[in-house]
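Chemist: What would the 3D arrangement of this be:
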Amino acid sequence: MQATWNGHVIADSAEIREVGGYTYFPRSSVRMDLLRAAARNDSDLKCPHGVRFYDVAADAQINPRAAWSYEAPRATMQQVDHWIGFWKDVVVK
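Modeler: Numbering: from 1, shown residues only. A predicted model of the protein is given here:
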């Protein structure tokens, strides 16, 4: 399965996990050089799973907060601890 945006493959892995309607990729399969940590907002700080959003950046274009990771997940999200999920204009297929 791949996650792509703006013609770039951001993640590529046969080992994915689907939780809550989203597909998560192991961090080792994600091009972290295309992700930049986004500033945390009040909603992020209230998240019980320690969410960290990332902007996806490629070819001088930015897709803000289009990726995320749970960095202190509770039991319900433990299976995707530090894995990366995508949304917005990122295509996962």
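
Chemist: from here on, contacts and neighbour counts on C-alpha atoms
Modeler: Noted.

Chemist: how far out from the middle of the chain is whichever strand in the chain runs longest?
Modeler: Identified as the longest strand of the chain according to DSSP state E is strand 61-70. Per CA atoms, centre = their mean, to the nearest Å, the displacement of strand 61-70 from the mean C-alpha position of its chain is 6 Å.

Chemist: Can you name every helix or strand that the following helix or strand past it contacts?
Modeler: Next in sequence after strand 61-70, counting helices and strands by DSSP states H and E, comes strand 84-86. Where contact means 3 or more CA pairs under 8 Å, 6 or more residues apart in numbering; DSSP states H and E, strand 84-86 is packed against strand 22-25, strand 61-70.

Chemist: Tell me the strands beside strand 84-86, with direction?
Modeler: strand 22-25 (antiparallel), strand 61-70 (antiparallel) (DSSP bridges).

Chemist: what's the closest of the ones you listed to residue 42?
Modeler: Of all these, strand 61-70 sits nearest to residue 42, with 14.2 Å by CA to CA.

Chemist: in the closest one, what's buried?
Modeler: By 16 or more other CA atoms under 10 Å, the buried positions in strand 61-70 come out as 63-70.

Chemist: what's the answer for stretch 45-52, then?
Modeler: Here stretch 45-52 shows 49-52 as buried, counting by 16+ other CA under 10 Å.

Chemist: Off-centre distance for it?
Modeler: Centre to centre, stretch against its chain (CA atoms, centre = their mean), the figure for stretch 45-52 is 14 Å.

Chemist: Then stretch 79-93?
Modeler: On CA atoms, centre = their mean, the centre of stretch 79-93 falls 4 Å from that of its chain.

Chemist: Mind checking what helix or strand follows the lowest-mean-pLDDT helix or strand in the chain in sequence?
Modeler: Sorting the helices and strands of the chain by mean pLDDT, DSSP states H and E puts helix 42-46 at the bottom, at a mean of 94. Proceeding N to C from helix 42-46, the next assigned helix or strand is strand 51-58, under DSSP H and E.

Chemist: Would you check that residue 3 makes contact with residue 93?
Modeler: Yes - between residue 3 and residue 93 a contact is recorded at 6.7 Å, counting by CA atoms under 8 Å.
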